[in-house]
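A.B. asks: Give me coordinates for this.
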Amino acid sequence: MTDDLTNIVLRAIERAPQWVRRDLEAKDHATRVQAEESLAVMITEALKTSDGLAT
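C.D. replies: Numbering: from 1, shown residues only. Below is the predicted model:
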């Protein structure tokens, strides 16, 4: 199960748009937080979809 979760998260990160990757490195705190929150949503949706829970 752990390997499955790891693979799901890795795939979500691999699909992250370039702006998220760039903004995760931003010095501006608000920009970085927005990118972190966006990535968290992407990972959450990937996990929901993998469990068949997406609506």
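A.B. asks: And the most centrally placed residue in the chain, its phi and psi?
C.D. replies: Geometric centre of the chain, nearest residue: Leu39, 3.2 Å, by C-alpha atoms, centre = their mean. Backbone torsions of Leu39, given as degrees, to the nearest 10, read phi -60, psi -40.
A.B. asks: got the contact list for it?
C.D. replies: The contact partners of Leu39, by C-beta atoms under 8 Å, 6 or more residues apart in numbering, come to Ala12, Ile13, Ala16, Val20, Leu24. For every residue, glycine as well, the C-beta is placed using N, CA and C.
A.B. asks: Would you state the helices of this protein in chain order?
C.D. replies: 2-14, 18-24, 29-50 (DSSP state H).
A.B. asks: before we move on, the earlier item: in JSON lines, list the contacts of Leu39 along with pLDDT.
C.D. replies: Output for these, formatted as JSON lines (pLDDT from 0 to 100):
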{"residue": "Ala12", "pLDDT": "95"}
{"residue": "Ile13", "pLDDT": "96"}
{"residue": "Ala16", "pLDDT": "96"}
{"residue": "Val20", "pLDDT": "98"}
{"residue": "Leu24", "pLDDT": "97"}
